[in-house]
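>>> Structure here, sequence nowhere to be found:
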């Protein structure tokens with residue numbers, strides 16, 4: 001029985017640490033237990049930006065990182081990136097930082113490359129054919145955001161739990177791109193995404209890819225009255 005008890009005592013600390021905390025030891029004596037906590041990364045400029053096709057070389061505006069342990073702020077160098085200004089689509093620039101306890105944070109900037117005319121503006125209120133309205137706002141050339149990507153709600157009233165900004169871009173006359181992006185629902189993107197412009201009822205369609213949403217095609221029709 002003594003051998004069994006000794007074995008359990010030896011194993012238990014290993015299971016405890018690997019589950020949730022980082023432990024520093026010296027000669028088997030605990031010095032401190034560190035709860036997970038992370039540095040802060042702040043982008044210079046907007047997280048979602050738009051640049052025209054053929055704009056030249058893209059140079060990112062940069063980012064700074066704050067070590068929450070030391071309070072020291074420093075300029076960050078992005079991960080290697082490539083933004084093809086000859087090909088419409090979304091591109092990303094990623095920054096990462098580790099604090100003095102070894103915990104990492106990351107932050108992504110999204111760059112839309114598009115040759116859609118800047119004069120085009122499809123912002124407005126769009127009503128889901130089997131749901132509730134969403135507000136689509138133009139952020140920059142061909143770049144938009146929607147505040148209710150799922151059109152979730154009842155009796156024409158959006159569900160507050162599903163209100164969050166999701167960004168998308170228009171890369172040609174009918175094609176939309178919703179890049180994989182962080183939201184309150186976790187990582188989210190959309191596919192089969194199209195816009196059908198009209199002088200009366202412009203239509204937007206897409207499928208939301210996220211566990212909080214189903215896999216049906218969601219259709220939104222622009223409400224010209226804004227109601």
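Received it, and whenever you're ready, just let me know what you need. Values in this document were obtained by computation on a predicted structure and should not be read as measured data.
>>> helix or strand right after the helix or strand hosting residue 108?
If you go by DSSP states H and E, residue 108 is part of strand 104-114. The C-terminal neighbour of strand 104-114 among helices and strands, as given by DSSP H and E, is strand 124-128.
>>> pLDDT (mean, whole number) over that following strand?
Computed over strand 124-128, the mean pLDDT rounds to 96.
>>> Just checking: what are the partner strands of that strand?
As defined by DSSP bridges, the strand partners of strand 124-128 come to strand 133-140 (antiparallel), strand 218-222 (antiparallel).
>>> avg pLDDT for the shortest one?
Yep, that's strand 218-222 we're talking about. Mean pLDDT, computed over strand 218-222, is 97.
>>> Show me the one of the strands paired with strand 124-128 that comes nearest residue 154.
strand 133-140 (12.3 Å; Cβ to Cβ). Yep, even glycine has a C-beta here, placed from its N, CA and C like the rest.
>>> gap between residue 192 and residue 204?
11 Å (Cβ to Cβ, to the nearest Å).
>>> of the two, who's got more company?
For residue 192 versus residue 204, the count of surrounding residues by other Cβ atoms under 10 Å is larger for residue 204: 23 against 11.
>>> so what's the backbone phi/psi at that one?
phi -120, psi 130 (degrees, to the nearest 10).
>>> what sits against it?
122, 126, 136, 176, 193-196, 219-220, 222 (Cβ atoms under 8 Å, 6 or more residues apart in numbering).
>>> Identify the farthest-apart pair in those residues.
The distance between the two most remote of the contacts of residue 204 (Cβ to Cβ) is 15.7 Å, for 193 and 222.
>>> For this protein, just list every one of the helices.
2-20 (DSSP state H).
>>> Neighbours of residue 176, how many?
Here the number of neighbours of residue 176 (other Cβ under 10 Å) works out to 21.
>>> That one and residue 102, how far apart?
Separation of residue 176 from residue 102 (Cβ to Cβ) stands at 40 Å.
>>> Ok, residue 84 next?
In this view, residue 84 and residue 102 are 35 Å apart by Cβ to Cβ.
>>> tell me the mean pLDDT over stretch 60-69?
95.
>>> Name the residues of it that are buried.
Residues 60, 62-63, 65-68 are the ones in stretch 60-69 that count as buried (16 or more other Cβ atoms under 10 Å).
>>> out of those, which one sits closest to residue 48?
In terms of Cβ to Cβ, no member of the buried residues of stretch 60-69 lies closer to residue 48 than residue 60, at 13.1 Å.
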